[in-house]
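*Asks:* Next one to model:
(chains A and B)
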Amino acid sequence: MKVRTRFAPSPTGQPHIGHLRTAAYAFALAKHSDGDFIFRIEDTDQKRYVPEAVTSLKNMLTTFNMNWDEYYVQSERLDLYRAAAEELVATGHAFYCNCPGKNAKKDGYSQILRDPCREKKLTVGAIKLKVPDGEKISFRDLVFQKEISWNTDKVFDATLLKSDGFPTYHLAAAVDDHETNISHVLRGYDWMSSTPIHLLVYRYLGYETPEIGHLTDVQSPEGGKLSKRKGSTSISSFLDHGYLPAALLNFIILLGWAPKDNREMFTLDEFVENFNENGFQKANPVFHTEKLDWFNQQYIRKTADTKLVKMLAKFTDKTGAEITKLIPLVKDRLVTLKDFDALTNYFFTAPAPVPGNAAIISHAISVLEKNFDGKFLEEQSRAFCAQKNIKVGDYFMTLRQAVTGQTATPPLWDIMKILGKEETISRLQSAHGQK
RNA sequence: GCCGCGUUCGUCUAGUGGUCUAGGACGGUUGGUUCUCAUCCAACAAAUCAUCGGUUCGAGUCCGAUACGCGGCACCA
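*Replies:* Residues are numbered from 1 along each chain as shown, chains lettered A, B, ... in the order given. Sure, this is the predicted structure:
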């Protein structure tokens, strides 16, 4: 049977790290065996629906090259869910209920799991699942690689269809997964506790149960779920900070998954090729981003200069020609694309004159005026240093500060070459106080 | 409160009963290369494998308890 997975977010806000990770695992699971990757919008909560979120979610998948084979929107499929719910009522596995909804967080946790409306024989209202008593229900989790079970005495009569006619996740996901032939369900860990409900729905509707796996939650360094720390973990904020999609993706997939050989560099294609569900970690990883910086450096260095110019254009107002000229000097020094301006500022604005050792500067000026050449400067400066008993390092540091105003830069001659003879000498002169 | 899951260096992880005096990566420290920075190279520090008990000739690996962490307990997903 063909492997078919789905990425099924609810459009309630900005896509974040968790979305990307879940999508990447589902994508890899499907594509590893030439399967299909289905994109489904779970917009059954009218109150939390954010229309722009759908576009952002699509953009995310496109940006990371996770192209979907089919696309579904739950709000366009309401008839399907209602029919399924009514079928369950007809077969005696569900019942109508007109109780007001409650929120356990606010109202306290009820130990009453059996809904009193079961016996009322209503014909309108919400539809709830009639959970059987005293049954053991279990499944084998794809991620945890073990059987997980519950006693149905601890499973509550969950709502399947709301009184507004919209299904809850429990019903909609089961129906859609079945209708679209999803073979493997990879979802967030928060669904683990609801799995017995879904298992019962599958059974009562006569569906085959798909493989189900619950992904670990990425933890915030302060503890708790990362996704609750909104904003700062949105995909766009990382991209806006100058992280490459390839680096972000590589970093993210290794948060909770690892190959047996501990390989770390993966493009999307390589990840798909090497993906194996045995590689899932069972404990929650913590979102520490030091390693993301390292991945980003690696990927920047791997990027062809011509491509890098285009990427950099979003982070600086310098022209393509200017960027191209400077790339060789900064490529190894960029941690994020955003660093470009800070690393190249002195090319465009002369530093405030820093008075340096006048003898060194005037020597350099005379050398450069005679012959504006790196090799020549190197030879002359070393000879000068030997004669005057000056450290070569001090000599160049003096020039560096005079020309760039910085103490850490690429090799000096590389900078002078780009600046040109006139500008270089002019900067040296103003540091010397001659101008 | 009830239910479920987890626990190997600071972090991401390898490890599926002997080859583990626990390996790799990031980060850290030190040294080398270099005109500084970055790169590159080398080395070092860093995990009583949460704790206790059991099974076994032998346990990071199997079992149990405890602790701690995480998730869920809505007509939200």
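*Asks:* isn't residue A:243 right next to residue A:296, touching?
*Replies:* Yes. If you go by Cβ atoms under 8 Å, residue A:243 and residue A:296 touch, sitting 5.3 Å apart. (C-beta placed from N, C-alpha, C; glycine too.)
*Asks:* where do the contact lists of these two overlap?
*Replies:* Both residue A:243 and residue A:296 are contacted by residue A:336, under the criterion Cβ atoms under 8 Å, 6 or more residues apart in numbering.
*Asks:* For the stretch 251-400 of chain A, what lies in contact range of RNA strand B?
*Replies:* By Cβ under 7 Å from any atom of the strand, the residues of the stretch 251-400 of chain A that approach RNA strand B are A:254-258, A:260, A:262, A:264, A:278-279, A:281-286, A:288, A:290-291, A:293-294, A:297, A:332-333, A:392-393, A:396-397, A:399-400.
*Asks:* Recalculate using a threshold of 6 Å.
*Replies:* The stretch 251-400 of chain A comes close to RNA strand B at residues A:254-256, A:258, A:260, A:262, A:264, A:278-279, A:281-286, A:288, A:290-291, A:294, A:332-333, A:392-393, A:396-397, A:400, as judged by Cβ under 6 Å from any atom of the strand.
*Asks:* For PyMOL, what selects the buried ones among these?
*Replies:* Burial among those is assessed by 16 or more other Cβ atoms under 10 Å; the matching PyMOL selection reads:
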select buried, chain A and resi 254+255+256+279+284+285+333+396+397+400
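*Asks:* care to break chain A down by domain?
*Replies:* As recorded under automatic domain parsing, the domains making up chain A are A:4-73+A:217-279, A:77-215, A:303-344, A:358-432.
*Asks:* now the end-to-end length of the third one.
*Replies:* Put plainly, it is domain A:303-344. Domain A:303-344 stretches 19 Å from its first residue to its last (Cα to Cα, to the nearest Å).
*Asks:* Distance from the chain centre to it, please.
*Replies:* 23 Å (Cα atoms, centre = their mean, to the nearest Å).
*Asks:* next one: the last one
*Replies:* Between the centre of domain A:358-432 and the centre of its host chain there is 45 Å, according to Cα atoms, centre = their mean.
*Asks:* Quick one: mean pLDDT for it?
*Replies:* Throughout domain A:358-432, pLDDT has a mean value of 93.
*Asks:* what's the nearest residue to residue A:370 if we skip its chain neighbours?
*Replies:* Leaving out its chain neighbours, the residue that sits closest to residue A:370 by Cβ to Cβ, 6 or more residues apart in numbering is residue A:376, at 7.8 Å.
*Asks:* and that neighbour, how far is that from residue A:387?
*Replies:* Distance, residue A:376 to residue A:387, by Cβ to Cβ, to the nearest Å: 16 Å.
*Asks:* Which one of those two is surrounded by more residues?
*Replies:* Shown here are residue A:376 and residue A:387; by other Cβ atoms under 10 Å, residue A:376 has more neighbours (14 against 8).
*Asks:* which secondary structure elements does the strand or helix carrying that one contact?
*Replies:* Using DSSP states H and E, residue A:376 maps to helix A:374-388. Counting contacts by 3 or more Cβ pairs under 8 Å, 6 or more residues apart in numbering; DSSP states H and E, helix A:374-388 is packed against helix A:358-370, helix A:392-404, helix A:412-419.
*Asks:* If you count neighbours, what's buried in the helix or strand that the shortest one is followed by?
*Replies:* Proceeding C-terminally, helix A:412-419 gives way to helix A:421-432 as the next helix or strand, assigned by DSSP H and E. When burial is assessed from 16+ other Cβ under 10 Å, helix A:421-432 yields the following buried residues: A:424-432.
*Asks:* and the stretch 1-150 of chain A, which residues reach RNA strand B?
*Replies:* Counting by Cβ under 6 Å from any atom of the strand, the stretch 1-150 of chain A sits next to RNA strand B at A:10, A:42, A:44-45, A:48, A:97-104, A:109-110, A:125-126, A:144, A:146, A:148, A:150.
*Asks:* If any of the residues you listed are buried, give me the PyMOL selection for them.
*Replies:* Of these, the buried ones go into a single PyMOL selection, burial set by 16+ other Cβ under 10 Å:
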select buried, chain A and resi 10+42+44+45+97+125+126+150
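*Asks:* ok, how many other residues are close to residue A:302?
*Replies:* Look at residue A:302: counted by other Cβ under 10 Å, it has 14 neighbours.
*Asks:* If you could redo that for residue A:303, that was the one I meant.
*Replies:* By other Cβ under 10 Å, 20 other residues sit near residue A:303.
*Asks:* So it is in contact with residue A:312, correct?
*Replies:* No. Checked against Cβ under 8 Å, the pair residue A:303 and residue A:312 is beyond contact range at 9.9 Å.
*Asks:* can you pull the contacts of the spatially closest residue to residue A:169 that is not a sequence neighbour?
*Replies:* In this structure, residue A:169 finds its nearest non-sequential neighbour in residue A:42, 6.7 Å apart by Cβ to Cβ, 6+ apart. Residue A:42 makes contacts with A:8-11, A:74, A:169, A:172-173, as judged by Cβ under 8 Å, 6+ apart.
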